[in-house]
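# 3D model of this:
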Amino acid sequence: MNEKKLSRICWNTNNWQKPSGKYGKSRNPKAYEMIVGYGHEEWLLDLEKIIDGYHYAFLQAIAAHRDKYNGKIFDISLYSINNDTKTRWWLGEIKNVQIISESESFNVLKIYKSKGWFQEMVEQLKAIDADYKNLQKYPESFATIKFRVKNINLLDSPLQFSANDAAVASNYYNLKNFKSIPKLSYSNKFSFKSGHSQKSEKAIANYEAHKRTIDLFHNRIQEKVYNQLCLACGSHNVGTENPVNGDSKIDLVVRNKKSNTFYEIKTSNSLLKCIREAIPQLLEYTYFPNCVNANKLIIISHNKMNNDAEKYLKHLRKKFNLPIYYQQFNIDTNILENKLY
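Below you'll find the predicted structure:
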């Protein structure tokens, strides 16, 4: 059996498939990720790039002591820290991680360049205003590990754990001996909470919503609809950003006598795209893994309903008994129209 290890990796909100910017990164002016605007671990799970059956990647915990670990194989568990919120997140484990030599790293960099992958990484760094010129400064450390996709055993979404958990006794980017999985904060049980916190023009969401920046338009709709629903249903019965399924959050919830109504806000200028994006989220919030958290699911956007979309939602209700509806937010009046489609 392989020796089991534990490694911290840099914070990322793009599922470690591409760089996500300075949010959550170290604020230490001497820290590498603060100086250049990214960490090399941000491509850890960019699994489209496979060479001879392996994905090559970088771990700072290995790079710091390359000679010590060269040629060894470990099962490595991963965690990350959001430095803006000071929260800790458990990712899971990658088995049979092979530590590669500096010469193999040189060859991997050559292959990345020949396939256009390196230039793709450069463009991703340019998009977040990071120092892309630093990417190939240390070709011997371009990659430090390799593993096969089949050996990835990560969580669907990172889960939070306490800073006081003894399973992770250090914050440093060093390779630690694995003790145990920390006590993870996860509950798929929905619990209603009333109230609304006004957001700024741009606010970074929790990890699973992840992966995105909530813009002013979304926040504006959410606040206006919240106020409207409070007048209609009572403020004690209306809440925003209610947590469910770990780190997911529901845009708006109205508590009913017997159940709840979930609202998902979408801001695309395509009605069909809004419906397409909202349905899987609402279904997960309501039914995952085997719950019934709401009796009515409503998609909100600023787009006018059309005949085909109306037929589609009626078909879903009739064919699959899914309680999915649509309401339009009128951007001229800042009012959620009463009509349900």
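
# quick one: Met136 is in a strand?
One thing to correct before we go on: residue 136 is Gln, not Met. No - under DSSP: H, G, I helix; E, B strand; the rest coil, Gln136 sits outside any strand and is assigned coil.

# Quick check: it touching Leu109?
Yes - contact criterion CB atoms under 8 Å: Gln136 and Leu109 qualify, at 6.6 Å. (C-beta placed from N, C-alpha, C; glycine too.)

# Neighbour count: these two, which is higher?
The residue with more neighbours, out of Gln136 and Leu109, is Leu109; 21 against 14, by other CB atoms under 10 Å.

# Please name the residues that touch that one.
Applying CB atoms under 8 Å, 6 or more residues apart in numbering to Leu109 gives the contacts 118, 136, 139, 142-143.

# Repeat the analysis, applying 10 Å as the threshold.
For Leu109, the contacting residues are 56, 117-118, 135-136, 138-143, by CB atoms under 10 Å, 6 or more residues apart in numbering.

# Show me these that map onto helices.
Secondary structure assignment by DSSP state H places 117-118 of the contacts of Leu109 in helices.

# Include distance to Ala294 and pLDDT when you put the contacts of Leu109 into TSV, please.
Output for the contacts of Leu109, formatted as TSV (distance: CB to CB, whole Å; pLDDT from 0 to 100):
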residue	distance to Ala294	pLDDT
Tyr56	44	98
Trp117	43	97
Phe118	47	96
Leu135	46	89
Gln136	51	83
Tyr138	51	84
Pro139	53	88
Glu140	54	89
Ser141	49	89
Phe142	48	95
Ala143	46	96
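
# The stretch 151-300 of the chain: strands as residue ranges?
152-161, 176-177, 184-185, 203-204, 213-214, 238-244, 248-255, 260-265, 296-301 (DSSP state E, counting those that start in this stretch).

# Contacts only, for Pro323.
259, 261-262, 282, 286, 294-298, 316-317.

# ok, now with 7 Å
Counting by CB atoms under 7 Å, 6 or more residues apart in numbering, Pro323 touches 295-297, 317.

# ok, so of the residues you listed, who is nearest Gly37?
Proximity of the contacts of Pro323 to Gly37, judged by CB to CB, is greatest for Leu297, which lies at 39.5 Å.

# Just the closest of the contacts of Pro323 to Ile94, please.
Nearest to Ile94 out of these is Leu297 (CB to CB; 36.2 Å).

# what sits opposite that closest one in the beta ladder?
Phe262, Ile324 (DSSP bridges).

# hang on, the earlier thing: quick check: neighbours shared by Gln136 and Leu109?
With CB under 7 Å, 6+ apart, Gln136 and Leu109 have common neighbours Phe142.

# rewinding a little: output the contacts of Leu109 in JSON lines; the columns should cover distance to Glu310.
Output for the contacts of Leu109, formatted as JSON lines (distance: CB to CB, whole Å):
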{"residue": "Tyr56", "distance to Glu310": "50"}
{"residue": "Trp117", "distance to Glu310": "45"}
{"residue": "Phe118", "distance to Glu310": "48"}
{"residue": "Leu135", "distance to Glu310": "50"}
{"residue": "Gln136", "distance to Glu310": "54"}
{"residue": "Tyr138", "distance to Glu310": "58"}
{"residue": "Pro139", "distance to Glu310": "57"}
{"residue": "Glu140", "distance to Glu310": "60"}
{"residue": "Ser141", "distance to Glu310": "57"}
{"residue": "Phe142", "distance to Glu310": "53"}
{"residue": "Ala143", "distance to Glu310": "52"}
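
# Which one of the contacts of Leu109 sits in the busiest neighbourhood?
Most neighbours among the contacts of Leu109, by other CB under 10 Å: Ala143, with 27 neighbours.

# Just give me the neighbour total for Gln327.
Close neighbours of Gln327, defined as other CB under 10 Å, add up to 17.

# Most neighbours among the contacts of Pro323, which one?
Using other CB under 10 Å as the neighbour criterion, Leu297 leads the contacts of Pro323 with 24 neighbours.

# hang on, isn't that residue packed against Gln327?
No - here Leu297 lies out of contact with Gln327, judged by CB atoms under 7 Å, at a distance of 11.2 Å.

# pLDDT weak spots in the stretch 101-250 of the chain?
Residues of the stretch 101-250 of the chain that meet the criterion pLDDT under 70 lie in 186-189, 198-215, 246-247.

# For it, which segments count as helices?
Along the stretch 101-250 of the chain, counting by DSSP state H, counting those that start in this stretch, helices occupy 102-114, 117-127, 216-233.
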